[in-house]
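1. Below is the sequence, then the predicted model.
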Amino acid sequence: NGERNYVLLFETLFASTNYDNVLSGKQTTGQNGVGLTVLNFSSKKFIVEVGREGKSYRVSYNEGGTFNGFEELGECDSHYTKVTWELDKEVYTQTEYNIEDIRNIVKATAGVTNDIEFTVIYGEEVDTYRYDTVLDYFNDIATQLTSFNFNTNFELDNEHIQNIEIVINTAVQPVQQSFLNRTHLIHGGTIHEGVINGTRLFINKVLKDNKKYQKIAKAVTLDDIRGSISFVVDCLSTTPEFSNQTKFSTQKIEYKSVVQRCVQDLLMAIYNDKPKNLEGFINHILTVAKFNEDSGKTKARLQKKLN
């Protein structure tokens, strides 16, 4: 409609929402055009600087979104975006601003947005995050692993989900992260549970078919899996559905079933081709299951005695 892009991006609510994603094949992170606009409207200072196509530009606002000018800064050989803001204390009267939370959000975003460098500048502190692959990110955040890393990238012929990338392993201290269109679902949801369910179905099938493993445990529960595996999973969708505008989780049932099937297919393919590679993975989960079962029996005996 002839508007400058910064007017739509930073001054207009819901301006960049994509309503035709299925037809266009675009992937978004939900109602784009809300977060940055609201941040602008509720900040004392809001500045965005970009470098692209050989030049750099800056647009700035103050006092809750009052336009302060757009300018070309000169020639530039980098491609970047820099956002600077100062929250308005009259709007955010009881804000707990934890820079470590910001760093963790940026690090997680960098983990699945590969080949892009993210920098957080807070006072004199500068932290930079960049990962070439999701596997590199997984290896950085997941420690005390007890098996091989199993990872793959599924290209799907699905109306709503085009791609799923998974890295999974067993660990002493599990780290579990799920993403929808590069957005970290810090409260989990159906994508997260899809990984848990898919792993459980695979392990229980192995138990049913292999008497060797039945000596350790007869079956595993969802809690056994939650206490055993580390993973990073990222889903790309043209029709992303988040639980709300904060985008902390998703409850779309289809995500769970598709991710569950992909995890089962990944683990079963490895098991059929190189079963020895999965021995440590399976044994770890079964050992946790046996421990949980024994602990449950001990607790039940104690409760019976106390009663």
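-> Great, that's in hand.

2. Residue ranges in the protein under the pLDDT threshold?
-> Flagging of the chain using pLDDT under 70 yields the residue ranges 1-2, 14-33, 299, 302, 305-307.

3. Residue 83 belongs to a strand?
-> Yes: applying DSSP: H, G, I helix; E, B strand; the rest coil, one finds residue 83 inside a strand.

4. if I pick it, what's in contact with it?
-> The neighbours of residue 83, taking C-beta atoms under 8 Å, 6 or more residues apart in numbering as the test, are 36, 47-49. C-beta: built from backbone N, CA, C; applies to glycine.

5. Restricted to strands, list these.
-> The strands, defined by DSSP state E, take in 47-49 from those.

6. Most neighbours among those, which one is it?
-> residue 48 (20 neighbours; other C-beta atoms under 10 Å).

7. and the gap between that one and residue 69?
-> 12 Å (C-beta to C-beta, to the nearest Å).

8. repeat for residue 110
-> The gap separating residue 110 from residue 69 is 31 Å, by C-beta to C-beta.

9. okay, those two: which has more neighbours?
-> Neighbour count, other C-beta under 10 Å: between residue 110 and residue 69, residue 110 has more, with 20 against 8.

10. what sits against that one?
-> Going by C-beta under 8 Å, 6+ apart, residue 110 touches 116-118, 129-131, 137.

11. Residues touching stretch 157-164, excluding its own?
-> With contacts defined as C-beta under 8 Å, 6+ apart, stretch 157-164 is touched by 22, 27, 153-156, 233-239, 254-255, 258-259, 262.

12. Narrow these to those in helices?
-> Counting by DSSP state H, the contacts of stretch 157-164 place 22, 254-255, 258-259, 262 in helices.

13. Which parts of the chain are strands?
-> Taking DSSP E as the test, the strands found in the chain are 43-52, 55-62, 66-75, 80-87, 118-122, 125-129, 150-155, 161-170, 176-180, 183-184, 229-237.

14. and residue 276, which of the ones you listed is closest to it?
-> Distance to residue 276, taken as C-beta to C-beta, is lowest for strand 150-155 among these, at 13.3 Å.

15. Direction included, what does that closest one pair up with?
-> Using DSSP bridges, strand 150-155 pairs in its sheet with strand 161-170 (antiparallel).

16. ok, of the contacts of stretch 157-164, which come out buried?
-> For the contacts of stretch 157-164, a burial check counting by 16 or more other C-beta atoms under 10 Å picks out 27, 154, 156, 233-238, 254-255, 258-259, 262.

17. so what's the closest residue to residue 166 other than its chain neighbours up against?
-> Excluding the flanking residues, the one nearest residue 166 by C-beta to C-beta, 6 or more residues apart in numbering is residue 233, at 4.9 Å. Residue 233 makes contacts with 164-167, 177-179, 191-192, 194-195, 259, as judged by C-beta under 8 Å, 6+ apart.

18. Repeat the analysis, applying 6 Å as the threshold.
-> Applying C-beta atoms under 6 Å, 6 or more residues apart in numbering to residue 233 gives the contacts 166, 178, 195.

19. The residues you listed into TSV, with extra columns for neighbour count and distance to residue 210?
-> Shown next, in TSV, are the contacts of residue 233 (neighbours: other C-beta atoms under 10 Å; distance: C-beta to C-beta, whole Å):
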residue	neighbour count	distance to residue 210
166	25	23
178	27	29
195	26	22
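
20. so the residue nearest to residue 166 bridges to which residues?
-> residue 166, residue 178.

21. List the residues that contact residue 194.
-> With the criterion set at C-beta under 6 Å, 6+ apart, residue 194 makes contact with 256, 259-260.

22. Identify the residue nearest it in space, chain neighbours excluded?
-> For residue 194, the spatially nearest residue (C-beta to C-beta, 6+ apart) is residue 259, at 2.9 Å.

23. pretty sure the one you found is touching residue 191, no?
-> Yes: taking C-beta atoms under 6 Å as the definition, residue 259 is a contact partner of residue 191 at 5.4 Å.

24. that older thread, which one of the ones in strands among the contacts of residue 83 sits closest to residue 217?
-> residue 48 (54.7 Å).

25. Please report the distance of the closest one from residue 79.
-> Distance, residue 48 to residue 79, by C-beta to C-beta: 15 Å.

26. And for residue 268?
-> 42 Å.
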